[in-house]
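Student: prediction below, plus the sequence it came from.
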Amino acid sequence: MITRRDREQREFTASAVDAKFDDPAHGGRMMEAPTDMNAFIGKGSEFVGKLTFEGTVRIDGKVEGEIFSKGTLVIGEGAQIKAKVNVDTVIISGTITGNVVAKKLIEMRSPGHLYGNIRTPALQIEKGVTFEGSCKMENFDKLEESEPARDKNIKMFPEEPIMKPKGDADGE
């Protein structure tokens, strides 16, 4: 007896092996399929904790916690992520709530949602995407070279404004 899970696994395996696939959610344009897919968290699956991987991981389910990688994270439509994310590349079509650091690229595709702050040297946002947060674009290669000279106590996103507006209620 073939179950829904067996069908989903077969469909996933086939798409991961193909050299290219048609993505109807994005105007039917041909996209490169990841050939080094390491893991797949499918729709209906939930993961809580710390996810660390190399290569490519696709998430279509729910994840809560932390995600670390020197690879690519693909967040599919319908995915719900509540996590601190630190990867090389992230492609977002689902929803992420949390701060995202990508050393190479953040690509946000419609109907994706990102609620949090981001750091990356390259950012692509399609029409129809929701992004609520702040963005800091920096080259991580140059940053790593000058790392010893940087003050480790500087926060990327200060919780308090650095300057207060003139005429503030503090009597200034």
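Tutor: Cool, got the structure. Residues are numbered from 1 along each chain as shown.

Student: tell me where the longest strand sits in this protein.
Tutor: strand 80-92 (DSSP state E).

Student: for it, packing partners?
Tutor: strand 62-69, strand 72-75, strand 95-97, strand 100-108 (3 or more Cβ pairs under 8 Å, 6 or more residues apart in numbering; DSSP states H and E). Glycine gets a C-beta too; all of them are placed from N, C-alpha and C.

Student: now what about the last one, what contacts it?
Tutor: Going back to what we said before, that points to strand 100-108. With contacts defined as Cβ atoms under 8 Å, 6 or more residues apart in numbering, strand 100-108 is touched by 85-92, 114, 116-126, 129, 131, 140.

Student: quick one: buried residues of it?
Tutor: By neighbour count with 16 or more other Cβ atoms under 10 Å, strand 100-108 contains the buried residues Val100, Val101, Ala102, Lys103, Leu105, Ile106, Glu107, Met108.

Student: just the closest of those residues to Glu64, please.
Tutor: Nearest to Glu64 among the buried residues of strand 100-108, counting by Cβ to Cβ, is Val100 at 14.8 Å.

Student: where does this protein dip in pLDDT?
Tutor: Where the chain drops to pLDDT under 70, the residues are 1-36, 142-172.

Student: helices of this protein, start to end?
Tutor: Along the chain, the segments classed as helices by DSSP state H run 4-17, 140-145.

Student: could you export the buried residues of strand 100-108 as a markdown table, including distance to Glu46?
Tutor: Listed next are the buried residues of strand 100-108 as a markdown table, based on distance: Cβ to Cβ, whole Å:
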| residue | distance to Glu46 |
| --- | --- |
| Val100 | 20 |
| Val101 | 24 |
| Ala102 | 24 |
| Lys103 | 27 |
| Leu105 | 27 |
| Ile106 | 24 |
| Glu107 | 25 |
| Met108 | 23 |
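
Student: what's the farthest-apart pair in the residues you listed?
Tutor: Across the buried residues of strand 100-108, the longest distance by Cβ to Cβ is 16.5 Å; it joins Lys103 and Met108.

Student: show me the one of the helices and strands packed on strand 80-92 that comes nearest Val48.
Tutor: Closest to Val48 of those is strand 62-69 (Cβ to Cβ; 4.9 Å).
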